[in-house]
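Chemist: only the shape, not the letters, is given here:
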């Protein structure tokens, strides 16, 4: 059962405009009337086109995200079909393929005078018109753009299964030029279309993956890794921390006395750089130089694979980093830095990377535009390591750069995003 237009295109709500376009192309390869003459497929194609007209337009997408699916459909379209039409012809509520729907007329006509049968007839007439045009011109591309533009201009609809929560609906206010633009992207040879259709329909894991929103989990994951690193440090320096805590309690609530106590010495605690250098998650079988070179090679290999993938599959080779690419880079960096210096070093590297990429990714989408200031607190551990290498580290500096600032400030973005996700504010 389709919940909304994102689910219909099988993408996550944080998908970029390029990802929306690619998802639309994949759906077209499956449901376009040129490759699938089933009535249900034609209804599903019209629904997919409707979803793309909305999500492919940043302004409309922002309104859709702000209003939510049901309110947007009620205010921006000419009515939802009856829930009965979302069921399959044989009455099987478990059917998940696109089902035939009633169509509603374009907003240029009176929707109150339009019946479901006239809408379906209009779509069928448009289909025959596009076929005639293709026969006269001998151009498959022309048939695709003309026929689809006629059908979308005269009728819109949605197709999915289940008894409730219909996820797509009728008519949008997109112009004929936008319709031609969207359908023109799918002009491919029949052989290519059939091959891509088989790939799209036969890979449910890929479809599931595209529907997931990994941005928020990645933020929390980087924080958890860093907290695990702090716990690792605490366990390694347990006796010194207990002694320091006893001294702090003996000092009482006097801020000046506590500051003097912390500034006087390190109280037996290791420096962060010394701790990271002493971590040995696994015993390397290579010499140190070769070991570090091998770990660097893992990261370089991951970057090379992503670059080759961009060159082969992406039109904009040097475009923005996607969430999928971010996950690959984070896995490579997280694994190698953990082997080098444990979770403390891994968290200190992953937090700025993931926070920075996700903030930039979110700012490119309609809706919320988080500030880059959210990234500043999670840069504090890197500053702490620099201070330790320069010999300027002290216990108060370590406490601020490795504990207070990254934990308190780093929670701001994921907590804010979680509130927006669940409460919408």
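Modeler: Yep, it's here. Bear in mind the structure is a predicted one, so any value in this text is a computation, not a measurement.
Chemist: and the helices in the stretch 201-350 of the chain, which stretches?
Modeler: Assigned by DSSP state H, counting those that start in this stretch, the stretch 201-350 of the chain shows helices spanning 204-211, 215-236, 238-251, 255-264, 272-278, 288-313, 323-363.
Chemist: take these and lay them out in TSV including distance to residue 24 and mean neighbour count.
Modeler: Every residue, glycine included, has its C-beta placed from N, CA and C. Compiled in TSV, the helices of the stretch 201-350 of the chain are given as follows (distance: least, Cβ to Cβ, whole Å; neighbours: other Cβ atoms under 10 Å):
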stretch	distance to residue 24	mean neighbour count
helix 204-211	12	12
helix 215-236	21	18
helix 238-251	56	13
helix 255-264	58	13
helix 272-278	47	17
helix 288-313	16	13
helix 323-363	18	20
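Chemist: turn those helices into CSV, including distance to residue 53 and mean pLDDT.
Modeler: As requested, the helices of the stretch 201-350 of the chain are exported to CSV (distance: least, Cβ to Cβ, whole Å; pLDDT from 0 to 100):
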stretch, distance to residue 53, mean pLDDT
helix 204-211, 19, 78
helix 215-236, 25, 95
helix 238-251, 60, 93
helix 255-264, 61, 90
helix 272-278, 52, 93
helix 288-313, 25, 94
helix 323-363, 23, 94
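Chemist: so what's the residue count around residue 15?
Modeler: Residue 15 has 23 neighbours, counted by other Cβ atoms under 10 Å.
Chemist: next one, pLDDT for it please.
Modeler: The score at residue 15 is 82. That number is its pLDDT.
Chemist: can you pull the contacts of it?
Modeler: Taking Cβ atoms under 8 Å, 6 or more residues apart in numbering as the definition of contact, the neighbours of residue 15 are 6, 23, 210.
Chemist: that one should be in a strand, yeah?
Modeler: No - secondary structure assignment places residue 15 outside any strand; it is coil (DSSP: H, G, I helix; E, B strand; the rest coil).
Chemist: separation between it and residue 372?
Modeler: Distance of residue 15 to residue 372, computed by Cβ to Cβ, to the nearest Å: 21 Å.
Chemist: with residue 291 instead?
Modeler: Look at residue 291 and residue 372: by Cβ to Cβ, they are 36 Å apart.
Chemist: one step back: now the contacts of residue 15 as JSON lines including distance to residue 257?
Modeler: As requested, the contacts of residue 15 are exported to JSON lines (distance: Cβ to Cβ, whole Å):
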{"residue": "6", "distance to residue 257": "57"}
{"residue": "23", "distance to residue 257": "61"}
{"residue": "210", "distance to residue 257": "57"}
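Chemist: packing partners for the helix or strand encompassing residue 413?
Modeler: Under the criterion DSSP states H and E, the helix or strand holding residue 413 is helix 412-423. Contacting helix 412-423 under the criterion 3 or more Cβ pairs under 8 Å, 6 or more residues apart in numbering; DSSP states H and E are the following elements: helix 215-236.
Chemist: and the contacts of the helix it packs on?
Modeler: Taking Cβ under 8 Å, 6+ apart as the criterion, the residues outside helix 215-236 that touch it are 14, 241, 270, 272, 275, 279, 323, 326-327, 330, 334, 342-348, 350-351, 353-355, 358, 361-362, 378, 381, 402-403, 406-407, 410-411, 413-414, 417-418, 421.
Chemist: what stretches of the stretch 51-200 of the chain score poorly on pLDDT?
Modeler: Within the stretch 51-200 of the chain, the stretches with pLDDT under 70 are 77-200.
Chemist: how about the helices of the stretch 201-350 of the chain in a markdown table, adding distance to residue 65?
Modeler: Supplementary listing: the helices of the stretch 201-350 of the chain in a markdown table, determined by distance: least, Cβ to Cβ, whole Å:
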| stretch | distance to residue 65 |
| --- | --- |
| helix 204-211 | 16 |
| helix 215-236 | 14 |
| helix 238-251 | 46 |
| helix 255-264 | 46 |
| helix 272-278 | 42 |
| helix 288-313 | 27 |
| helix 323-363 | 12 |
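Chemist: out of those helices, flag the one nearest residue 387.
Modeler: Proximity to residue 387 (Cβ to Cβ) singles out helix 272-278 among the helices of the stretch 201-350 of the chain, at 9.1 Å.
Chemist: which outside residues touch the closest one?
Modeler: Where contact means Cβ under 8 Å, 6+ apart, the residues beyond helix 272-278 that reach it are 233, 236-237, 270, 340-342, 344-345, 384-385, 388-389, 393, 398, 402.
Chemist: run the last query once more with 10 Å
Modeler: Contact with helix 272-278 is made by 229, 232-233, 236-237, 269-271, 337, 340-342, 344-345, 348, 381, 384-389, 391, 393, 397-398, 401-402, as judged by Cβ atoms under 10 Å, 6 or more residues apart in numbering.
Chemist: if I look at residue 242, how far off is residue 272?
Modeler: From residue 242 to residue 272 the distance is 19 Å (Cβ to Cβ).
Chemist: ok, residue 388 next?
Modeler: Using Cβ to Cβ, one obtains 5 Å as the distance from residue 388 to residue 272.
Chemist: mutual contacts of the two, please.
Modeler: Residues touching both residue 388 and residue 272 by Cβ under 10 Å, 6+ apart: 397, 398, 401, 402.
Chemist: can I get the residues you listed in TSV with secondary structure and distance to residue 264?
Modeler: Supplementary listing: those in TSV, determined by DSSP: H, G, I helix; E, B strand; the rest coil; distance: Cβ to Cβ, whole Å:
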residue	secondary structure	distance to residue 264
397	helix	14
398	helix	14
401	helix	19
402	helix	19
